[in-house]
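# For reference, the sequence and a predicted model appear below.
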Amino acid sequence: MCGIVGYIGGKEKKELVLNALGELEYRGYDSAGIAVMKEGRIDAFKATGKLKNLQEKTKNFTSEGDGIAIGHTRWATHGKPTEINAHPHFGQHSYIVHNGIIENYREIKEMLTSKGVTFLSQTDTEVVVYLFEHNLQTSKSAFEAFEKTVLSLRGAYAILLITTIAPNSIFFAKNAAPLIIGKNDEKELFFGSSDAPLIGHAKEVCYLEDGQYGVLSKNEILLFADKKKVSSIFRDLPQDKSYAQKEGFRFFMEKEIYEQSRVLGETLMGRIKNNEIVLEELDEYLFDGINSIKICACGTSYHAGLAAGYIFERLAKIRTDVVIASEFRYKEPLLTPDTLFIVISQSGETADTLEALKIAKNAGLKTLAICNVDNSSIVRLADNTILTRAGIEKGVASTKAFATQVATLWLLSIFMAQKRNSVGKERLKSEIDTLLRIPSSLNVDNATHEKLRRLSKRYLHGHGFFFIGRDIFYPLALEGALKLKEISYLHAEGYPAGEMKHGPIALVDSKLFTVALLPKTMLYDKTKNNIEELSARDATILVISPEQFELADDFIKTKNSSHVMNEFFEMMIILQLLALEIAVRLGNDVDMPRNLAKSVTVE
Ligand code: F6R
């Protein structure tokens, strides 16, 4: 999704801003641009496609000495991914970069068009720069014009604007899209739409709040909200950049699959003491008066939520509903105060999930975020947060984030079971013992990986995939299908194994690939019957199971069937590696699949 960077200082600005945009590449984008102002003159460049195209375009441009710069990677929302639609957009004197969506851009555009403004692009962003220049005509200062402009915008935005009318300043505004200011001891100032481009440059950062806007110049940070000056609060920025290296793996996604054992250890760290789950980050009274749970999330996080639905009801014996955030928002949901509202998000910035959280908060519900990114918008809004501690995930297709989400939700369900006395002591002990052993069972087995690599060549040309499973293996099947779709661009569907006979079985022939999850610990015989029904109709079947299955065309043997969650996590890794190896054989960009963005900050 779109990324923003900005800089005020004396370094080579082009290089600095291009490198900063490079740190945001993993989020997905389809064009990029920069604008650099020095001695009252602005030079701007844009290019479609990857950043190397922009680097090529700017190779003869240098920008040493004091000045300012802004940069942007665009993920198309309004208008095609063309150079004209790429940011920065410009008026007569000013350039702007923007993340988010201006909801009232049509009204503004009509008003400006009636005053004779002509627009080059199809974007919502371009109206903002022209509105600013229009407001300049009736304002005493550039700041006054910017303030008027921002206060008339509706929607989500992180904006940086530079203008020759007020050289050496960057005007900024933030609402429902992340924007961070960074500073260091060398008196350099930075902007970023996430921490990543600021690491190694900024020492301290200020996470702007919704509705804040202001202006930054070399000597001053002026911050406002609703026409009143507010103070900026800076905190130290951790400088760990190790996530940026692939450490010998071919792709970040592969590295992140292999990392899951280690990061799950982080997820559990300090949260199991004396055979009890301890979640010190939660409000002591969070579960008082709670009789049901509603979980809201998108994509992979939604799949983690679906898995949690099974665990919560089984262990904590609490009614649990799981809803896709974009559906929840407009269904006029009935919310009662005895419901705990849980959102799950890797990035903490997903617009639909954030909006769902706002609805729940406004309805007076207690809220809890399961999130990977501290200080993200979702974390700041929720009353309570459990961080999943996956570390920065660079692969667009989520892997370790999913594993840590499921582990965190399992942890939470045991915690609730403790509080509610919903299962006996023996059961609690066995859950905690298994949870403690999960990190070691997540080590990737090299022989299995190699087998999947070889096997993947047989799964490149069919007319589609069905991933099937029952119970908690159904959300896992959904997740396996999503992984494959995202990076291989092959059609794949996740389906409850018992539901195939109610329709989809009509599709079955030898060119239909079925990936069947056949755990020993959960509905083994029932699932086996469902697989046999497909085999009888000549489907090509890959079975993943601890038990040999004669009718399978291909078979991956799992090792650990002592607990349902051991089976879940072992099969999860196999599905991730299968998707990876098929995508690699097809020659796709595994880390940055087409049309996808890492953090989806539009509705
Ligand atoms: C899939 C994937 C997406 C995200 C979804 C929600 O691999 O990454 O489906 O899970 O966009 O994102 P978060 O978890 O950041 O709210």
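Ah, there it is. Residues are numbered from 1 along each chain as shown.
# so what's Leu54 up against?
18, 21, 32-34, 45-47 (C-beta atoms under 8 Å, 6 or more residues apart in numbering). Where you see a C-beta, it was placed from the backbone N, CA and C, and this is true even at glycine.
# That one belongs to a helix?
Yes - with DSSP: H, G, I helix; E, B strand; the rest coil as the criterion, Leu54 is part of a helix.
# so what pLDDT did it get?
Here the pLDDT value assigned to Leu54 is 96.
# Summarise which helices and strands the worst-scoring helix or strand of the chain on mean pLDDT is packed against.
When each helix and strand of the chain is scored by mean pLDDT, DSSP states H and E, strand 272-273 comes last, with a mean of 87. The contact analysis (3 or more C-beta pairs under 8 Å, 6 or more residues apart in numbering; DSSP states H and E) places strand 272-273 against helix 425-441.
# And the helix it packs on, what's buried?
Using 16 or more other C-beta atoms under 10 Å as the test for burial, helix 425-441 gives 428, 431-432, 434-435, 438-439, 441.
# In space, what's closest to the residue of the chain found nearest the ligand - neighbours in sequence excluded?
Per C-beta to the nearest ligand atom, Gly299 is where the chain lies closest to the ligand, at 1.9 Å. Spatial nearest neighbour of Gly299, excluding adjacent residues (C-beta to C-beta, 6 or more residues apart in numbering): Leu482 at 6.9 Å.
# Confirm that the one you found sits in a strand.
No - according to three-state DSSP, Leu482 belongs to no strand; its state is helix.
# the strands in the stretch 201-350 of the chain, which residues?
For the stretch 201-350 of the chain, strands defined by DSSP state E, counting those that start in this stretch occupy the ranges 204-207, 212-217, 220-225, 228-230, 235-236, 272-273, 276-277, 292-297, 319-324, 339-345.
# what about the longest one and the ligand, touching?
Yes - interface with the ligand: strand 339-345 contributes Ser345 (C-beta under 6 Å from any ligand atom).
# how far off strand 319-324 does that strand point, in degrees?
Note on geometry: by axes from the mean of the first three to the mean of the last three C-alpha atoms, to 10 degrees, strand 339-345 and strand 319-324 are set 40 degrees apart in direction.
# Give me the buried positions along the helix or strand just after strand 339-345.
Using DSSP states H and E, the helix or strand that directly follows strand 339-345 along the chain is helix 351-362. Neighbour counts using 16+ other C-beta under 10 Å place 351-360 of helix 351-362 among the buried residues.
# so how far is helix 351-362 off the chain centroid?
How far helix 351-362 lies from its chain's middle: 16 Å, per C-alpha atoms, centre = their mean, to the nearest Å.
# Need the max-distance pair from the buried residues of helix 351-362.
Greatest spacing in the buried residues of helix 351-362, by C-beta to C-beta: Ala351 and Ala360 (15.2 Å).
# Okay, and Lys46 sits in which element?
Lys46 belongs to strand 41-48 when elements are defined using DSSP H and E.
# how about the helices in the stretch 51-200 of the chain?
51-57, 105-114, 126-136, 142-151 (DSSP state H, counting those that start in this stretch).
# Dihedrals phi and psi, the spatially closest residue to Asp240 that is not a sequence neighbour?
The shortest distance from Asp240 to any non-neighbouring residue, by C-beta to C-beta, 6+ apart, is to Ile199 (7.3 Å). Note on Ile199: its backbone torsions stand at phi -60, psi 130 [degrees, to the nearest 10].
# Tell me who's in contact with Ile199.
Per C-beta under 8 Å, 6+ apart, neighbours of Ile199: 23, 237-241.
# how much space between it and Lys394?
From Ile199 across to Lys394, the span is 13 Å (C-beta to C-beta, to the nearest Å).
# what do you get for Leu409?
To Lys394, Leu409 is 23 Å away according to C-beta to C-beta.
# before we move on, what about Leu577?
For Leu577, the distance to Lys394 equals 17 Å [C-beta to C-beta].
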